[in-house]
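K.L.:
take this sequence and fold it.
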Amino acid sequence: MQRNKDGQMQAPRVRKAFSAPTVITLVLTESCNVNCRHCYNFWRRNRGPRNRLNFGQVDYLVNEFLKAGVFHIILNGGEPFSSFELLEYAAERCISNGFSVSLNSNLMVATEDQLNRLYAIGLDHILTSLNSHDSVTNDYMLSSKGTLPKIIKGITLARKAGIRVSANMIVTQRSKGDIFETGLLAHKLGCTKFCATRPVVPFDLKKEQKAEFSLDKPDVKHMLDELLRLHEYTGIPIGSLVNIPLCLLGDLEKYKYFVGRGCPTQSGHLFTINATGETSACCRENAVYGNVFNEGLINVWRKARKWHDGSLWFNDCRECEYIDLCQTGCRMNALGDSGINTGKDPLMSSPRNITRKYNLISNDKIFNSIKTGAFFVVPKRLRFRKEDGFYLVNIRWANIITLDNETAEFLINYQNSRKLFTLMEFGSDKLKLLAQLYFKDAVESGDLDFKKIQKDQGVSADLINLPQCGSN
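P.N.:
Presented below is the predicted three-dimensional model:
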């Protein structure tokens, strides 16, 4: 039991868990061509042979993903291009079985032929590291010489092959002044998104080694302000890959591009399988929940229940209205010297620090258009997974929402029939929900110009708050 804000005892909040993960981070190989100072793979500092999956293990895992109803696979390493035949095989097996797939790579050893082959298979997105526009700083962070020209070449070849590239910058004390210029370089190279991300400090580093990775609140606010400046200057979409407590942001309208990220592990979506078959919930934790080759995906997934039921939430946050969106910040940065705990994310402030909420659907023209008979269609790309009392709906890639049974089954019926519908068929009392689905890109309309509205209002589809039917 816990006490509410009035000091009264109340039952702890209970969250429904998904039956299985929706997104898998799959480590194909532990081998890597660089040795990043900020690498969260703790096993990187252990000397010895590097593990990698084999083709038969990939086949087994694909079958496990199919049985569990997984939507999206992130192929990861180490450096996946260091075992290209395995990477190509895994990508082909996943894509041919209906999963959407993305790849995490530093792109330093990728060749033009390899990238063309991956694109031909159907791979359409790579997340790469671009830690500074300054070559000396980039070399320092990757503990290797001549890294920046290789990364630039890799991004250029990937874009030439037709693959979208997002660039992520890990911001440290050394690189925090490089954000804007690094983002300009990413934009010049044709990257479709630029992220700046606070480090998750490797837990096994000595105390004196951690100082360069520790960003305080002003550092992180500066990081976000530089991203906003970059977006205003270039128009490139921006983001941050590690959850930021919303109480740090304060003005949620100003920082709206960073509101919807949340923690994909705590929300129940993300699970990690390492090259040995051992599993983790967050890819940055050193806990192991069992070996997938010995126990199967569902069994090891269930062992990570504490990540999904709110057990790891910081207690003082439990009554905050944004808890399902924020999830009390990053658990791996919450005093995690020896692994996860229920401590306080160092960026946390107080819900009282939130001075302005965001209101993403406030355009009267949109509501009027929907109310007066705008037609909608459910795109074929939507995928559905039935859960206990609700549905998971995969919009595209790793963009997944929860919906109540009635709404999801309505969408399934209209997807199958390919018929158009209006608010009248959807439910005249569900105007806001239909607008949310439209902004989230779960339904499409020839009567509304989403891209123009998105540009005019600065709305990111990632930020729309649909009902979280997977939680009480």
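K.L.:
could you find the closest non-adjacent residue to Val292?
P.N.:
In this structure, Val292 finds its nearest non-sequential neighbour in Gly277, 5.0 Å apart by C-beta to C-beta, 6 or more residues apart in numbering. Where C-beta positions appear, they are placed from N, C-alpha and C, glycine not excepted.
K.L.:
tell me the confidence at that neighbour?
P.N.:
We note a pLDDT of 97 for Gly277 in this prediction.
K.L.:
element containing Glu88, please.
P.N.:
According to DSSP states H and E, Glu88 maps onto helix 84-96.
K.L.:
list the buried ones in that helix?
P.N.:
For helix 84-96, the neighbour count (16 or more other C-beta atoms under 10 Å) marks Phe84, Leu86, Leu87, Glu88, Tyr89, Ala90, Ala91, Glu92, Arg93, Cys94, Ile95 as buried.
K.L.:
same question for stretch 392-411.
P.N.:
In terms of neighbour count (16+ other C-beta under 10 Å), stretch 392-411 has its buried residues at 392-403, 407-408, 410-411.
K.L.:
domains for the protein, by residue range?
P.N.:
Taking automatic domain parsing as the reference, the chain has its domains at 2-353, 364-463.
K.L.:
most neighbours per residue, which of these?
P.N.:
domain 2-353 (a mean of 19; mean count of other C-beta atoms under 10 Å).
K.L.:
where's that domain relative to the chain centroid, distance-wise?
P.N.:
Averaging C-alpha positions (C-alpha atoms, centre = their mean, to the nearest Å) puts domain 2-353 7 Å from its chain's average.
K.L.:
ok, of the buried residues of stretch 392-411, which one's closest to Glu208?
P.N.:
Ala398 (36.9 Å; C-beta to C-beta).
K.L.:
how close does the closest one sit to Ala17?
P.N.:
According to C-beta to C-beta, to the nearest Å, Ala398 stands 18 Å off from Ala17.
K.L.:
over to Phe421?
P.N.:
Taken as C-beta to C-beta, the span from Phe421 to Ala17 is 32 Å.
K.L.:
equivalent analysis for Ser445, please.
P.N.:
Counting by C-beta to C-beta - Ser445 and Ala17 are separated by 34 Å.
K.L.:
again with Ser280
P.N.:
Distance of Ser280 to Ala17, given as C-beta to C-beta: 17 Å.
K.L.:
Lys193 too?
P.N.:
In terms of C-beta to C-beta, Lys193 sits 30 Å off from Ala17.
K.L.:
tell me where the stretch 351-472 of the chain has strands.
P.N.:
For the stretch 351-472 of the chain, strands defined by DSSP state E, counting those that start in this stretch occupy the ranges 383-386, 391-396, 399-403.
K.L.:
what's the single longest helix in the chain?
P.N.:
Longest helix in the chain by number of residues (criterion: DSSP state H): helix 217-234.
K.L.:
next SSE after that helix?
P.N.:
strand 238-239.
K.L.:
how about residues contacting the very next helix or strand once past that next one?
P.N.:
With elements assigned by DSSP H and E, the helix or strand that comes after strand 238-239 is helix 246-249. With C-beta atoms under 8 Å, 6 or more residues apart in numbering as the test, helix 246-249 has contacts from 217, 220-221, 224, 252, 255, 258-259, 320, 322, 325-326, 347-354.
K.L.:
once you drop chain neighbours, what's closest to Ser129?
P.N.:
Ser129's closest residue in space is Asn106 (C-beta to C-beta, 6+ apart), at 5.2 Å.
K.L.:
measure that neighbour to Asn368 for me?
P.N.:
Separation of Asn106 from Asn368 (C-beta to C-beta) stands at 49 Å.
K.L.:
low-confidence bits of the stretch 251-400 of the chain, can you list those?
P.N.:
335-342, 359-364 (pLDDT under 70).
K.L.:
thinking again about what came up before, closest one of the buried residues of stretch 392-411 to Ser175?
P.N.:
Proximity of the buried residues of stretch 392-411 to Ser175 (C-beta to C-beta) peaks at Ala398, which lies at 26.6 Å.
K.L.:
that closest one against Pro264, yeah?
P.N.:
Yes - using C-beta atoms under 8 Å, Ala398 is in contact with Pro264, at 7.5 Å.
K.L.:
show me whatever sits in contact with both of these two.
P.N.:
With C-beta under 8 Å, 6+ apart, Ala398 and Pro264 have common neighbours Val23.
K.L.:
is His72 in contact with Leu392, as I believe?
P.N.:
No - counting by C-beta under 8 Å, His72 does not reach Leu392; the two are 11.5 Å apart.
K.L.:
which neighbours do the two share?
P.N.:
Contacts common to His72 and Leu392, judged by C-beta under 8 Å, 6+ apart, are Thr22, Ile400.
K.L.:
from Trp307, how far out is Leu248?
P.N.:
Distance from Leu248 to Trp307, by C-beta to C-beta: 22 Å.
K.L.:
again with Ser132
P.N.:
Separation of Ser132 from Trp307 (C-beta to C-beta) stands at 32 Å.
K.L.:
check contacts around the residue lying closest to Leu392 once chain neighbours are set aside.
P.N.:
Excluding the flanking residues, the one nearest Leu392 by C-beta to C-beta, 6+ apart is Arg385, at 4.3 Å. Listed by C-beta under 8 Å, 6+ apart, the contact partners of Arg385 are Thr22, Gly69, Phe71, Tyr391, Leu392, Val393, Asn394.
K.L.:
nearest to Ala161, of those residues?
P.N.:
Checking the contacts of Arg385 against Ala161 with C-beta to C-beta, the nearest one is Phe71 at 24.4 Å.
K.L.:
thought the closest one was touching Phe384?
P.N.:
No - if you go by C-beta under 8 Å, Phe71 and Phe384 don't touch, sitting 9.9 Å apart.
K.L.:
which neighbours do the two have in common?
P.N.:
Contacts common to Phe71 and Phe384, judged by C-beta under 8 Å, 6+ apart, are Leu392, Asn394.
K.L.:
next up, the contacts around the closest residue to Lys210 other than its chain neighbours.
P.N.:
Spatial nearest neighbour of Lys210, excluding adjacent residues (C-beta to C-beta, 6+ apart): Val201 at 5.1 Å. Counting by C-beta under 8 Å, 6+ apart, Val201 makes contact with Lys210, Phe213, Ser214, Asn333, Gly336.
K.L.:
need the strands of the stretch 351-472 of the chain in a markdown table with distance to Thr372, can you?
P.N.:
Listed next are the strands of the stretch 351-472 of the chain as a markdown table, based on distance: least, C-beta to C-beta, whole Å:
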| stretch | distance to Thr372 |
| --- | --- |
| strand 383-386 | 29 |
| strand 391-396 | 26 |
| strand 399-403 | 25 |
